[in-house]
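> Mind looking at a prediction? Sequence and model below.
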Amino acid sequence: MLGARREAKLRAVCDQIGSAAAYSVTDMRREGDVERLVDTAVERFGRLDAIVNNAAYGVVRTIADGQTEEWRATIETNLLGVLSGCRAALRHMIPQRRGSILNVTSASAHEAWPYLSVYAATKAAIHTLSNGLRCEVTPHGVRVMTLEVHNIAGTDFASSFDRSVMPAAVQSWEKLGLLRRDTPMLTADDAARAILFQLSQPDPVSIHHLTLRSRGN
């Protein structure tokens, strides 16, 4: 069951997968969209085994030059959206006493990334709330895991970045050793394999936190 904002891309992926796939157009900033995604998955497939909260938004800008609307979009997508997804999933998982919640975070959650501080703060919040959520739902048979990724190529994440700010941001990241141009970047397929690895572990195994980096990072 796929959820994202752009229907054309959702349809293309479902066509590639075949009849085993379905989608619901979902903006993580809209609670109704998130709830409809989860409920439709249950209607379509009969139950909810897992939810992967992967959607993320970020901008490259210093806090001194920060724009409130960008902050709001980042927090509402990355943090409130994940909370909505978890809540919607738990309405099904707790009664059935099983299920997996996997929240995708970022290496920036534990490091100092100038120009990405607000994004990093939301990812740190996801890490912390996942720890608390795990304590709440483990007695109900639900496991909560996080996947921490670093520099995934081939996604649209950077499409919102201000190109006029990028040279200064990249220079600061390289100076701090956060970004190494000579290190191959990971791909979405790499992240997908890690997600599958976490979700495929038999109960009661839970890989609470998994970090995915290129070997040079």
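Sure thing, it's come through. Numbering: from 1, shown residues only.
> quick one, what contacts Thr155?
Applying CB atoms under 8 Å, 6 or more residues apart in numbering to Thr155 gives the contacts Ala188. No exception for glycine: its C-beta is placed from N, CA and C like everyone else's.
> And what about it, helix, strand or coil?
What DSSP: H, G, I helix; E, B strand; the rest coil gives for Thr155 is coil.
> Roughly how far does it sit from Val104?
11 Å (CB to CB, to the nearest Å).
> likewise Asn217?
For Asn217, the distance to Val104 (CB to CB) stands at 17 Å.
> same deal with Tyr23?
When distance is defined by CB to CB, Tyr23 is 19 Å away from Val104.
> Check Met185 too.
From Met185 to Val104 the distance is 16 Å (CB to CB).
> what's the answer for Arg193, then?
Arg193 is 14 Å from Val104, where distance means CB to CB.
> higher neighbour count, those two?
Neighbours were counted for Arg193 and for Val104 using other CB atoms under 10 Å; Val104 has more, 23 against 12.
> check contacts around that one.
Going by CB under 8 Å, 6+ apart, Val104 touches Val52, Asn53, Asn54, Ala56, Thr146, Leu147, Val149, Ala191, Ile195.
> Which among those residues count as buried?
Neighbour-count burial (16 or more other CB atoms under 10 Å) is assigned, among the contacts of Val104, to Val52, Asn53, Asn54, Ala56, Thr146, Leu147, Val149, Ala191, Ile195.
> Go through the residues you listed and flag which are in helices.
Of the positions in these, Ala191, Ile195 sit in helices, assigned by DSSP state H.
> Closest one of the buried ones among the contacts of Val104 to Gly99?
Top of the list for closeness to Gly99, among these and by CB to CB, is Val52 at 11.9 Å.
> Please report phi then psi for the nearest residue to the closest one once chain neighbours are set aside.
Nearest residue to Val52 in three dimensions, chain neighbours excluded: Leu102, at 4.8 Å (CB to CB, 6 or more residues apart in numbering). With angles defined as degrees, to the nearest 10, Leu102 sits at phi -120, psi 110.
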